[in-house]
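> Sequence and predicted structure below; questions after.
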Amino acid sequence: MSNIILLGPPGAGKGTLAKQLIAVYKIPHISTGDMFREAIKNGEPLGRLAASYINEGHLVPDEVTIGIVRERLSQPDCANGYLLDGFPRTLVQAAALDTIGSDLGRPINVVINIACSENELVRRISGRRVCRKCGTPYHIETMKPKVEGVCDVCGGELFQRKDDTKESFLVRLGHYYNETKPLENFYKELGLLHEIDGGTGVQKSLKAAQKIIDEVTK
Ligand code: AMP
C-alpha cells in the first residue's frame, strides 16, 4: 500500500511527478491546490474564500485546508493508497494528517522531498503555463505543447496562473521556507523522508521516486 506525500518548493515538479506516479500505482491524486482551483472555477463559497489567499501567494488557513483533506481521504477510493501533492504545507497540517491517517487506518508510509535550486524554480514558474480544463502543466521553453496555447491532452486553453507572477511567487517561496521546509525534519524524525533531485528531468525523477516507493512498500 502506498500512502505518499510529495514535498518540495513551488515549481519543483510535484504536479508533473504526481501525474506520472498515479498512472503507475493507480491511486488517487489529491492536490489541495487543484481542489481550491476547482472550487474557484465552480463559484463555490470555499473557492471565494481560497481565492483571496491564493491570488496573493498566501496559504489558505489550516482549518479550511485540513477539513477538505480529511473529507477527501475518507473516500473509498483512498483505501488502497493515495498521493498527496501540496499538503501538508505547515506543521499544524502535518500533525493533523498524522491524526487523520491513524483515525482512518490510512497512515502515510513514504514522503518524497523533491529538491531543486532556487534559480531553477524561478525559471520554471515564470515560464509555466497550465491547461484551464485539465490542469496539465507546460513550459514556454522546455515543455511546449504541440500547438502553441493549446493543451495536447484535452485541447483546453493554456494560461498563466495568477500566483505564478513574480510578486506572488516570491510570497509563496517565503511561505515555503518559513512554514513548509520545517516538515523535512518532522518527517525525517519519523523515518519517512526520502529525497530525489528535481533537476534531472521527468523520467529520471519518476524512476527515482518509483525505486523509493517500491522499496518502502515491498
Ligand atoms: P499549488 O497548486 O499546490 O501550488 O497550490 C496553489 C495555492 O493553493 C497555494 O499557493 C496556496 O495558496 C493554496 N494551497 C494549496 N495547498 C495548500 C495547503 N496545504 N495549505 C494552504 N494553502 C494551500
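Looks like it came in fine.

> Not counting its neighbours along the chain, what's nearest residue 179?
If the residues on either side of it in the chain are set aside, residue 179 comes closest to residue 90, at 4.7 Å by Cβ to Cβ, 6 or more residues apart in numbering. Every C-beta, even on glycine, is put in place using the N, C-alpha and C of the backbone.

> what about this structure, any weak spots by pLDDT?
Of all residues in the chain, none has pLDDT under 70.

> Would you mind naming what in it lies close to the ligand?
Listed as neighbours of the ligand in the chain under the rule Cβ under 6 Å from any ligand atom: 10, 32-33, 36, 53-54, 57-60, 65, 86-89, 93, 163, 172.

> go with 8 Å
10, 14-15, 31-34, 36-37, 50, 53-54, 57-62, 65, 69, 85-90, 93, 161, 163, 168, 172, 175 (Cβ under 8 Å from any ligand atom).

> Give me the buried subset of the residues you listed.
Among those, the ones that count as buried by 16 or more other Cβ atoms under 10 Å are 10, 14-15, 31-33, 36-37, 50, 53-54, 57, 59-60, 62, 65, 69, 85-90, 93, 161, 163, 168, 172, 175.

> Next one: residue 127 relative to residue 4, how far apart?
Noted for residue 127: a distance of 27 Å to residue 4, by Cβ to Cβ, to the nearest Å.

> related to what we said a few turns ago, can you list which of the residues of the chain next to the ligand are found in strands?
31, 85 (DSSP state E).

> just checking, which of the residues of the chain next to the ligand belong to helices?
Among the residues of the chain next to the ligand, the members falling in helices (DSSP state H) are 14-15, 32-34, 36-37, 50, 53-54, 62, 65, 69, 93, 168, 172, 175.

> All the helices of this structure, residue numbers only.
Going by DSSP H, the chain shows helices at 14-25, 32-41, 45-54, 62-73, 91-104, 118-127, 166-175, 183-189, 202-217.

> got a list of what the residue positioned nearest the centre of the chain touches?
For the chain, residue 85 is the residue whose C-alpha lies nearest the centre (Cα atoms, centre = their mean; 2.8 Å). By Cβ atoms under 8 Å, 6 or more residues apart in numbering, the contact set of residue 85 is 6, 14-15, 18, 29-34.

> Likewise for residue 78?
With Cβ under 8 Å, 6+ apart, residue 78 has these contacts: 27-28, 30, 72, 104, 106.

> Now do the contacts for residue 62.
90, 92-93, 96.

> Could you list everything the residue nearest to the centre of the chain pairs with in the sheet?
For residue 85, the beta-bridge partners under DSSP bridges are residue 6, residue 31.

> Next: residue 81.
As assigned using DSSP bridges, the partners bridged with residue 81 are residue 2.

> Can you report how many residues neighbour it?
For residue 81, the neighbour count with other Cβ atoms under 10 Å is 19.

> who's in contact with the residue in the chain that the ligand sits nearest to?
With Cβ to the nearest ligand atom as the measure, residue 33 is the residue of the chain nearest to the ligand, at 2.1 Å. With contact taken as Cβ under 8 Å, 6+ apart, residue 33 is in contact with 15, 54, 85-86.
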